[in-house]
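In: here is the input, now give the coordinates:
(2 chains)
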Amino acid sequence: MEFLRRQAKLSSTPIEPVSRDSVSEQGMLKQPGFLALLWENRKARMGIIILTIFMLVALVGPWLAPYSLSDTNFALSHPPSAAHWLGTTQSGQDVLTQLIYGSRVSMFVGFVAGVLVIFIALLVGFLAGYFGGWVDEVLSLAMNVMLVLPGLPLMILIAAYMPSHGIWEIILVMSITGWAFGGRSLRAQMMTVVQQDYVVAAKFAGERPLRIIFREIMPNMLSYIIANFFGAVIGAVLAEAGLEFLGLGNPSITSWGTMIYWAQSSDAMLNGQWAWILAPGLCIALLAASLTLVNFGIDAVANPRLQEE
Amino acid sequence: MKYFLRKAGFLILTVWIAVTLNFILPRLMPGNPAQAMMAKYAQQGPISPSQEHALALMLGLPTGSLWSQYGQYLGNLLHGNFGISYSFYPEPVIAVIARALPWTLTLIGLVTILQFVVGTLLGVYAAWNRGKKFDSTATVLFSFTSAFPYFWIALAFIYLFSYMLHWFPLSGGFSGSLSPAWSGAFAGSAIYHSVLPALTIFITGIGGSLLGMRNNMINTLGEDYILLGKAAGLPEYVIATRYAARNALLPIVTNFAMSLGYVVGGSLLMETVFAYPGMGYLLATAVSNQDYPLLQALFLFITVSVLLANFVADILYGLLDPRVRKGGVR
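Out: Sure, this is the predicted structure:
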């Protein structure tokens, strides 16, 4: 009940900025409230906790890992033991060490690609939704075309023709192919916001469109944008794993996707090294699930209709 | 009518884009795939110019200006000529695809239909009993499973059911001792081999249709006509099925038509994990063998079927919901 009352308070605070100068101030004032609300949502809290753990592991990875990543002097293809909690690979590396270092690459790719995707989506979606008319026609057509082309086969086709395969190529492929979904939902959102009084007022006051979009409107859509960003990161993490599993990544880089690629190609399953193949997949799943959970929370806070009792 | 014409125009445009993308992409990248092939051959020994010429002819390397190449390419497509596969040389690409397609269509097609029906029904049930035990367990469980990379679930299944319990074969579409034929033994072997792949697709897909239907249904349950139905004292099941579910089904129908389009592509990674002899596995082999003609043809097949299915979905939606035709929503 406490939650509901706070919710009601949040939605009744005026969203119209009073004057130009108070825009950023208001945006900053509102944020702690939003985060506190998010924290009170059970699903979101769980997601935030898991996500934070992953981030910490990625940050302090080298101090946390039991062995050095380049150490290949262990017994080959060992199942999990006390010395090697998750066993060793067919070339004598410690799987747990790989897993910890792999989190850095996988999360880096996921978040960088997520930022790029949401940036393109913001630009396209906002411009289309704000200006309407022929700008909208052209951009919407581009979005619809990208939406309807099957994502993974398209990514595979582009990646297969790339002269080299590395982290940045994967990020590039995902940014080119992944922006349309976020673009469309941000466009729809923009189309409703554009009709609100404060935007109309800002237009009449003669403000430049870019300023209205990014200074007046964007702060009010922050929760929506964050949700879209997390969605993009989930897509990127899963797509990265898929591409690397197919051998379209750089197999000499240690990430969760390449770990599964190596485990699969050296028949880890048949040698009883279940941990080697299952652990990286579980990490991908947990990371994606934690982002989904946070998104549930954002949805529940921002969209009263979906609110849980 | 205008609605349908516009959708047909969009179909033609997108197919053209896919076809042209397929033509341009290889030419955008530095070098060309056949040269890469030749470089690989050259590692085994020097290649004389005449050998190089023969290899170029064998691989069907394009000649002439970009525009004449484009014309040639379009002409070939219209005649169903997708070139010769590198990895299954000298088989034409189209024959390789024809061999893989039935596997994918039967397995993935059947499971997709089944998964949709079951998922949608459960979604109706969950939405109607919103917040109760089944609903809260199902939503949490399936939002969690939908976050799993589905090829990983396939790997986990293989480990559990094939490696540990020996219930099912490790990989393949039929027993190695048989060859494809219309016989009982072969059919039995094929079904036996398809159980785990089918289970994987079913489990990973059902969450999506359940949650989709549930959320649609919750939205329709908030509409005034539901309230009116309740006020009029209609029996609960009438409101649930005829009032709410029927209207919530609209977007689901189009989703269904669209996902049938995705059937042709196979469950790409799943098929790869199981080495199931369908389209997805073929695409993965084409990638790892750098079999570019096969890769391109597969991309076209998959894309065009998705585009067609999307077109059908749009038409269906227009027929079922007059508001869409009149340019109201969406």
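
In: name the nearest residue to whichever residue of the stretch 51-200 of chain B sits closest to chain A, ignoring sequence neighbours.
Out: Distances between the stretch 51-200 of chain B and chain A by Cβ to the nearest Cβ are smallest at B:W152, namely 3.2 Å. From N, CA and C alone the C-beta is placed, and that goes for glycine too. Nearest residue to B:W152, sequence neighbours excluded (Cβ to Cβ, 6 or more residues apart in numbering or on different chains): A:G281, at 3.2 Å.

In: off-centre distance for the helix or strand hosting that neighbour?
Out: Element membership of A:G281 [criterion: DSSP states H and E] is helix A:274-302. Centroid displacement of helix A:274-302 relative to its chain, using Cα atoms, centre = their mean, to the nearest Å, is 11 Å.

In: quick one: list the elements packing against the host helix or strand of the residue of the stretch 51-200 of chain B closest to chain A.
Out: Here B:W152 sits within helix B:150-157, counting by DSSP H and E. Applying 3 or more Cβ pairs under 8 Å, 6 or more residues apart in numbering or on different chains; DSSP states H and E, we find helix B:150-157 packed against helix A:222-245, helix A:256-265, helix A:274-302, helix B:184-221, helix B:268-274.

In: tell me what the third one is packed against?
Out: Think helix A:274-302. Judged by 3+ Cβ pairs under 8 Å, 6+ apart, helix A:274-302 is in contact with helix A:22-40, helix A:42-64, helix A:95-131, helix A:222-245, helix A:256-265, helix B:133-145, helix B:150-157.

In: thought A:F245 was touching A:M259?
Out: No - using Cβ atoms under 8 Å, A:F245 is not in contact with A:M259; the gap is 9.6 Å.

In: and the residue of the stretch 51-200 of chain B closest to chain A, what does it touch?
Out: B:W152 makes contact with A:A241, A:I260, A:L278, A:G281, A:L282, A:I284, A:A285, according to Cβ atoms under 8 Å, 6 or more residues apart in numbering or on different chains.

In: what does A:D136 give?
Out: Counted by Cβ under 8 Å, 6+ apart, A:D136 has contacts A:A128, A:G129, A:R187.

In: nearest residue to B:I201 in space, please, no chain neighbours.
Out: Using Cβ to Cβ, 6+ apart, the closest residue to B:I201 is B:V111 (4.7 Å).

In: burial count for the one you found?
Out: B:V111 has 21 neighbouring residues, counting by other Cβ atoms under 10 Å in any protein chain shown.

In: same check on the one 10 residues further on?
Out: As a burial measure, B:L121 scores 14 neighbours (other Cβ under 10 Å).

In: in which helix or strand does it reside?
Out: Using DSSP H and E, B:L121 sits in helix B:93-128.

In: what comes up buried for that helix?
Out: B:93-94, B:96-97, B:100-101, B:103-104, B:107-108, B:111-112, B:115-116, B:119-120, B:122-128 (16 or more other Cβ atoms under 10 Å in any protein chain shown).

In: cool, stretch A:241-256 as well?
Out: Buried residues in stretch A:241-256, counted by 16+ other Cβ under 10 Å: A:241-250, A:253-256.

In: for stretch A:125-139, same thing?
Out: In stretch A:125-139, counting by 16+ other Cβ under 10 Å, buried: A:G125, A:F126, A:L127, A:A128, A:G129, A:Y130, A:D136, A:L139.

In: out of those residues, the closest to A:G151 would be?
Out: A:G125 (17.7 Å; Cβ to Cβ).

In: quick revisit: most surrounded residue in the contacts of B:W152?
Out: A:A241 (31 neighbours).

In: tell me who's in contact with the closest residue to it other than its chain neighbours.
Out: For A:A241, ignoring the flanking residues on the chain, the nearest one in space by Cβ to Cβ, 6+ apart is A:G257 at 4.0 Å. By Cβ under 8 Å, 6+ apart, A:G257 lies in contact with A:S106, A:E240, A:A241, A:G242, A:L243, A:E244, A:F245, A:G249, A:P280, A:I284.

In: got it, and A:I217?
Out: Per Cβ under 8 Å, 6+ apart, neighbours of A:I217: A:F126, A:Y130, A:M190, A:V193, A:V194, A:V199.

In: quick one: contacts for the residue nearest to A:P150 when sequence neighbours are not counted?
Out: What sits nearest to A:P150 in space, not counting adjacent residues and going by Cβ to Cβ, 6+ apart, is B:V306, at 4.7 Å. B:V306 sits next to A:V148, A:L149, A:P150, B:M258, B:G261, B:Y262, B:V264, B:G265 when contact means Cβ under 8 Å, 6+ apart.

In: which parts of the stretch 51-200 of chain A sit against chain B?
Out: A:141, A:144-145, A:148-150, A:152-154, A:156-158, A:160-163 (Cβ under 8 Å from any Cβ of the partner chain).
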